[in-house]
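Q: Could you work out the structure for the sequence below:
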Amino acid sequence: QVQLVESGGGLVQAGGSLRLSCAASGLTFSTYAMAWFRQAPGKEREFVAGIGWSSGSTFYANSVKGRFTISRDNAKNTVYLQMNNVKPEDTAVYYCAAVRSIFANSDYSKYDYWGQGTQVTVSS
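A: Numbers count the residues shown, from 1 in each chain. Reported below is the predicted structural model:
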């Protein structure tokens, strides 16, 4: 049974930092591209960042480029999202997702597995 378990969410002040983790089990992690999505109340789920099999292949939504960094540790079956200089508009539930592909995709419908989400709240 595949499980993706996010952690690291919480309350942070604007301008601060937070690191999210997503631990995967039940799949051959190194053969899956991974991504982070987020969903704010009343809004659609949106792509945040993606990383391919190789940590050299990453891409970001324009809204987080230069502030967030996605990385992965295949030995630990874990993907991370380092969030720096956070803004109130980053407030959302953050989800990690996995797709059996070399490269990540910004289309949430392409993903095979999802975590349960972790809440990130940024105060102004």
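Q: what helix or strand does Val5 sit in?
A: Using DSSP states H and E, the element containing Val5 is strand 3-7.
Q: Name the nearest residue to Arg72, ignoring sequence neighbours.
A: Val79 (4.6 Å; C-beta to C-beta, 6 or more residues apart in numbering). Where C-beta positions appear, they are placed from N, C-alpha and C, glycine not excepted.
Q: I'd say the one you found and Ser30 touch.
A: No - if you go by C-beta atoms under 8 Å, Val79 and Ser30 don't touch, sitting 11.5 Å apart.
Q: between the two, who's got more neighbours?
A: Val79 (31 against 11; other C-beta atoms under 10 Å).
Q: how close does the more buried one sit to Ala97?
A: 10 Å (C-beta to C-beta, to the nearest Å).
Q: Next one: the nearest residue to Asn84 once chain neighbours are set aside from Gly66, what distance?
A: Spatially, and ignoring its direct neighbours in sequence, Asn84 is nearest to Ser17 (4.8 Å; C-beta to C-beta, 6+ apart). According to C-beta to C-beta, Ser17 and Gly66 sit 14 Å apart.
Q: Neighbour count: the two, which is higher?
A: Ranked by neighbour count (other C-beta under 10 Å), Ser17 and Gly66 place Ser17 first, with 12 against 9.
Q: so the more buried one makes contact with Thr69?
A: No - look at Ser17 against Thr69 with C-beta under 8 Å: they stay out of range, at 10.6 Å.
Q: Now do the shared contacts for the two.
A: 82, 84 (C-beta atoms under 8 Å, 6 or more residues apart in numbering).
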